[in-house]
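Novice: Sequence and predicted structure, then a few things I'm wondering about:
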Amino acid sequence: MGTGNHPVLFTIFGGTGDLTYRKLLPALYNLIATKMLPKGVEIIVVGRRDFDTQSYVEHIKPWIQEFARLSFSENIFNELVSHLTYIKMNFTDTKDYKVLYDYYNQYPQAQQLYYYAVAPEFFSVISKNLRQCSCLKNASTYQVLIEKPFGVNEDSARTLHKQLLEVFSEESIYRIDHYLGKEMIQNMMSIRFQNTIFKNIWNHHSIDYITISAYETVGVENRGSYYEQTGAIKDMVQNHLFQILSIVLMDEPEEHVESLFKNQADIIQRIIPIEANNINEHLILGQYEAGVIDHEQVVGFHGESNVSPTSTTETFAALKLFIDHPQYQGVPVYLLSGKRTKKRSTKVLVVFKPVNNQKPNVLTISISPDEGVFLSFNAKKPGNSQDVVEVSMDFCQSCVYENRLNTPEAYERLLYAAFNKDKSLFTDWQMVLSSWRFVDKLFLAINQSGIKPYKYKAGTCGPVELEAFFPKNYQEIDTE
Ligand code: BG6
């Protein structure tokens, strides 16, 4: 049963889309396999395509075989499908909701979760239709899960928010940022707040600078038109990297979600805006050209389908930020994200101030593909000399088979949290608002200054202009 011993109705709008096939259904399968799915969950998949439940089940099987984290078992799959119903309907048509209403009526006491795995322009119409068909009966029992983008700037985010609030309360809106479901991002709070050795040096006296990077070898894949309208800043920085930044620097929250949300948003509100007159010191944009990745020739951004050959959208962004917080005065925080780079890697580096001209101590929190924490420091070279060498302590969490097996994937963790009404893994409205405010000002500065992306070859580390942007010792520190 769900949190209140009631059945749980989990309805997915957009049941024949990629997100459902690649992430949601495999996550549900994994939750069943690990016995983490609450008892009494019924999965209602809504789609426009002409399936019935039987043919839908046959259709999803290969997706689950390919994308579930845990190995495929007929028994687990059968258990999943025994809770699954496919409903063919057009979610923009109010009349079609009668069938949902009839279905829900069998479970008058149910906890209801709606997952909008559809484009944001449909959020409002689905919400209104749900209300109009009387599908939403008991306000305290329903939840809605939505995916980014939460708007494309502050104004559109507010409009979307207002539309959702016409039907749902803020408490029942669960905004997904799948980075919050990643193991090491959650682990970061324990690392920071449960260790004296880190807690007491997390300030400008000890930290020289911080980098937060998310590099991908993939290009825009089949999302050319979305990406051309969006770019690296809105696709990755405004949401995923700001989430990481807020967790890396926030004050220690009290043990309730409001405190966590407040402290996260506080950091974003304290980022000093980038202005047109100092933009070159704070921002580098890039766009990939054709190149070679993993021995394969790949096209440049302009050659991708549904991308204009004159597009100036950035596929790489490097921001140098300062935070107006007494603890981090003068500490630059570099946010870096790019597509078609040499290597796929997401990580945080905390570089400490060097002593006696030695190499700085560096704490690396590796988020993906490897997960772990690595600390480099200086020690005496073995032998008779007093020479100092850099050594390291490695905690590779994903190198241990059991850890890999027991680590849920982001969507698995997020669905589990939603079933249990745990909002701490979701994005709060103030966070959305604060991040758009910063990004809107940034785009104003970009337009006023007229800066354009530099070119970089696919398969490299980004534009060569980055070299002068980074602190002098960065190339030696991050050798990836
Ligand atoms: C998504 C972006 O939010 O995150 C994609 O829209 C990006 O462009 C993806 O590829 C990266 O996620 P991950 O988990 O692979 O780092």
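Specialist: In hand now; what should we look at?
Novice: report the longest helix in the chain, please.
Specialist: helix 429-449 (DSSP state H).
Novice: Who are the contact partners of the residue of the chain found nearest the ligand?
Specialist: Closest contact between the chain and the ligand, by CB to the nearest ligand atom, is at residue 235 (4.8 Å). For the C-beta atoms, the positions are set from N, CA and C on the backbone; glycine is no exception. Taking CB atoms under 8 Å, 6 or more residues apart in numbering, we find residue 235 in contact with residue 227.
Novice: ok, residue 111 touching residue 7?
Specialist: Yes: using CB atoms under 8 Å, residue 111 is in contact with residue 7, at 7.4 Å.
Novice: Pick out whichever of these two has more residues nearby.
Specialist: Comparing residue 111 with residue 7 by other CB atoms under 10 Å, the one with more neighbours is residue 111, at 25 against 18.
Novice: contacting residues around the helix or strand harbouring residue 145?
Specialist: Per DSSP states H and E: residue 145 is located in strand 142-147. For strand 142-147, the external contacting residues (CB under 8 Å, 6+ apart) are 19, 111-117, 120, 123, 127, 136, 164, 168, 172-176, 418, 421.
Novice: pLDDT below threshold where in the chain?
Specialist: The model of the chain has pLDDT under 70 over residues 1-5, 139.
Novice: Swap in 50 and give it another go.
Specialist: Applying pLDDT under 50 to the chain flags no residue at all.
Novice: Get me the contact residues on it for the ligand.
Specialist: 214, 216, 235, 346 (CB under 6 Å from any ligand atom).
Novice: Quick check: beta-bridge partners of the last one?
Specialist: Put plainly, it is residue 346. When bridges are called by DSSP bridges, residue 346 pairs up with residue 214, residue 368.
Novice: what about it, how many residues close to it?
Specialist: Around residue 346 there are 25 residues (other CB under 10 Å).
Novice: Identify the residues contacting residue 331.
Specialist: 204, 207, 208, 209, 210, 322, 323.
Novice: so when I look at it, I'm seeing a strand, right?
Specialist: No: counting by DSSP: H, G, I helix; E, B strand; the rest coil, residue 331 is located in no strand; its state is coil.
Novice: Where do the strands of the stretch 301-450 of the chain begin and end?
Specialist: Shown for the stretch 301-450 of the chain, the strands assigned by DSSP state E, counting those that start in this stretch span residues 316-321, 333-338, 345-352, 362-368, 372-380, 388-396.
Novice: Report all helices and strands that the fifth one contacts.
Specialist: In other words, strand 372-380. Strand 372-380 sits against helix 183-193, strand 362-368, strand 388-396, with contacts defined as 3 or more CB pairs under 8 Å, 6 or more residues apart in numbering; DSSP states H and E.
Novice: Can you lay out these as CSV showing mean neighbour count and distance to residue 352?
Specialist: Converted to CSV, these look like this (neighbours: other CB atoms under 10 Å; distance: least, CB to CB, whole Å):
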stretch, mean neighbour count, distance to residue 352
helix 183-193, 17, 14
strand 362-368, 21, 7
strand 388-396, 12, 13
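Novice: From residue 159, how far off is residue 166?
Specialist: Remark: distance between residue 166 and residue 159 (CB to CB, to the nearest Å) = 11 Å.
Novice: now swap in residue 85 and tell me
Specialist: 33 Å.
Novice: The two: which is more packed in?
Specialist: residue 85 (16 against 12).
Novice: residues in contact with that one?
Specialist: 42, 43, 44, 45, 53, 103 are the contacts of residue 85 under CB under 8 Å, 6+ apart.
Novice: Excluding chain neighbours, what is closest to residue 416?
Specialist: In this structure, residue 416 finds its nearest non-sequential neighbour in residue 36, 5.6 Å apart by CB to CB, 6 or more residues apart in numbering.
Novice: ok so, going back, so which of the contacts of strand 142-147 are in helices?
Specialist: Going by DSSP H, the helices hold 19, 123, 127, 164, 418 from the contacts of strand 142-147.
Novice: just how off-centre is stretch 67-85 within its chain?
Specialist: 26 Å (CA atoms, centre = their mean, to the nearest Å).
Novice: er, stretch 339-348 actually
Specialist: With CA atoms, centre = their mean, you get 15 Å for stretch 339-348.
Novice: what's stretch 180-195 in contact with?
Specialist: 179, 198-199, 202, 243-244, 247-248, 252, 348, 365-368, 371-373, 397, 407-414, 417, 425-427.
Novice: ugh, typo on my part, it should be stretch 123-138
Specialist: Contacts for stretch 123-138 (CB under 8 Å, 6+ apart): 13, 91-94, 97-98, 100-101, 104, 108, 112, 114, 116, 118, 142, 144, 146, 160, 163-164, 166-168.
Novice: Now with 6 Å, please.
Specialist: Residues outside stretch 123-138 that contact it (CB atoms under 6 Å, 6 or more residues apart in numbering): 13, 91, 92, 94, 97, 100, 101, 104, 116, 142, 163, 167.
Novice: CA atoms only: put it into CSV for me.
Specialist: This file holds the C-alpha atoms of stretch 123-138, laid out as CSV (Å, rounded to 0.1, in the frame of the first residue of the first chain):
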residue,chain,number,x,y,z
PHE,A,123,0.7,20.3,-18.7
SER,A,124,-2.1,22.9,-18.4
VAL,A,125,-4.6,21.1,-20.6
ILE,A,126,-4.1,17.7,-18.9
SER,A,127,-4.4,19.3,-15.5
LYS,A,128,-7.6,21.1,-16.5
ASN,A,129,-9.1,18.0,-18.1
LEU,A,130,-8.3,15.9,-15.0
ARG,A,131,-10.1,18.4,-12.8
GLN,A,132,-13.0,18.8,-15.3
CYS,A,133,-13.6,15.0,-15.4
SER,A,134,-13.8,14.9,-11.6
CYS,A,135,-10.8,12.6,-11.6
LEU,A,136,-9.2,14.7,-8.9
LYS,A,137,-11.3,14.1,-5.8
ASN,A,138,-9.3,14.5,-2.7
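Novice: Tell me the buried residues in that stretch?
Specialist: 123, 124, 126, 127, 129, 130, 133, 135, 136 (16 or more other CB atoms under 10 Å).
Novice: Leaving out the residues flanking it, which one is nearest to residue 108?
Specialist: Nearest to residue 108 is residue 137, by CB to CB, 6+ apart, at 7.6 Å.
Novice: Please apply the same query to residue 312.
Specialist: Excluding its sequence neighbours, the residue lying closest to residue 312 (CB to CB, 6+ apart) is residue 452, at 5.5 Å.
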